[in-house]
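Asks: need a structure here:
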Amino acid sequence: MFSTRTYFEGALFTMATCSVDIAEVEEMNDPGAAPYGNFINYYTFNPPENRLSLIPATLLQDLGLKDGPQNTLILDVGCNSGDLSVAFYKHLVPVSEEESDRRKVNLLGFDLDETLIQRAQQSNPLPSSISFIPLDITKDADQLQDYLNQHGGSHFHLCLCLAVTMWVHLNHGDAGLLQLLSHLASISQHLLLEAQPWKCYRSAARRLRKLGRSDFDHFKSLKIRGDVAEQAREHLERHCGMELIQSFGSTTWDRKLLLFKRR
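Replies: Numbering: from 1, shown residues only. I've put the predicted structure just below:
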């Protein structure tokens, strides 16, 4: 899957506007080398706390996901090197809890970049509760169903799709974006979505051109523009049987964190 952690949209001192000092970015982390958003140093620039500060630690209880006998299954789409996956898990499931309680919450993270997944696997502090696999969801999602079967579930109780949509959109067009949203809605009870704003699309395309690379295949032909988050909401509510139940505000990179629930 496309990495949810990208540095195309901003730099250390200009996160909210997506404008960057291109020379500084090239020196630290060549942006042209990761047209799918799978940057190797992403969490240096956008640490997990930027999102976790907006999400209540009681989220699982608030959604009624820790009271039943069934294990709670969480999916992190485009997990990069797994830093946010682990931090998110620890945020919602304190290490102080009994081991038996922690094992009732299982998280699966995936990314299309096998090197990043290897890093995530090697640094994983909770292998009994957190797993990482290489996967491009636009090509094959069978492993997700296998994971659900192994854990006796028919769906993920919570799916994280954070800063992934733009990379699917740019590389697979409007149809690819809508297919991603539809698929995640079909396998998730709740979906936490962070969609990049349109200004980040322009920044990503401009940066490729400055590096002498070809434009994204679909950038000029995209019909879904402007407020991408709002159009994603409309698709999820009109065509995917989901409803927006809460907005956790905007991150330091000026992106909304929207929580949807299957009706």
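
Asks: Just the buried residues of stretch 171-191, please?
Replies: By neighbour count on 16 or more other C-beta atoms under 10 Å, the buried set for stretch 171-191 is 171-173, 176-178, 180-181, 183-185, 187-191. For every residue, glycine as well, the C-beta is placed using N, CA and C.

Asks: In the host helix or strand of Ala232, which residues are buried?
Replies: Assigning secondary structure by DSSP states H and E places Ala232 in helix 228-239. Neighbour counts over helix 228-239 (16+ other C-beta under 10 Å) mark Val228, Ala229, Gln231, Ala232, Arg233, His235, Leu236 as buried.

Asks: quick one, the following helix or strand past that helix and helix 228-239 angle?
Replies: Downstream of helix 228-239, the next assigned helix or strand under DSSP H and E is strand 242-250. Angle, strand 242-250 to helix 228-239, by axes from the mean of the first three to the mean of the last three C-alpha atoms, to 10 degrees: 160 degrees.

Asks: Return the list of helices and strands in contact with the next helix-or-strand element following strand 242-250.
Replies: Downstream of strand 242-250, the first helix or strand assigned by DSSP H and E is strand 256-262. Applying 3 or more C-beta pairs under 8 Å, 6 or more residues apart in numbering; DSSP states H and E, one finds that strand 256-262 contacts strand 190-194, helix 228-239, strand 242-250.

Asks: Which pLDDT value belongs to Val25?
Replies: Note for Val25: predicted pLDDT of 40.

Asks: same thing with the one 4 residues further on?
Replies: Here, the pLDDT recorded for Asn29 equals 47.

Asks: quick revisit: adding mean pLDDT and distance to Leu126, write the helices and strands packed on strand 256-262 out as TSV.
Replies: Output for the helices and strands packed on strand 256-262, formatted as TSV (pLDDT from 0 to 100; distance: least, C-beta to C-beta, whole Å):
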stretch	mean pLDDT	distance to Leu126
strand 190-194	98	20
helix 228-239	98	30
strand 242-250	97	24
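
Asks: returning to what we had before: of all the buried residues of helix 228-239, which two lie farthest apart?
Replies: Spatial extent of these (C-beta to C-beta) is set by the pair Val228 and Leu236 at 12.4 Å.

Asks: In a markdown table: the helices and strands packed on strand 256-262, plus distance to Ile40.
Replies: Output for the helices and strands packed on strand 256-262, formatted as a markdown table (distance: least, C-beta to C-beta, whole Å):
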| stretch | distance to Ile40 |
| --- | --- |
| strand 190-194 | 21 |
| helix 228-239 | 26 |
| strand 242-250 | 26 |
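
Asks: quick one: which of the ones you listed is nearest Ile117?
Replies: For Ile117, the closest of the helices and strands packed on strand 256-262 is strand 190-194, at 20.8 Å, according to C-beta to C-beta.

Asks: Wasn't Asp76 part of a helix?
Replies: No - the assignment for Asp76 is strand, going by DSSP: H, G, I helix; E, B strand; the rest coil, so no helix is present there.

Asks: Count the residues that sit near the residue lying closest to it once chain neighbours are set aside.
Replies: Using C-beta to C-beta, 6 or more residues apart in numbering and skipping residues adjacent in sequence, the residue nearest Asp76 is Gly109, 4.0 Å away. Using other C-beta atoms under 10 Å, Gly109 has 31 neighbouring residues.
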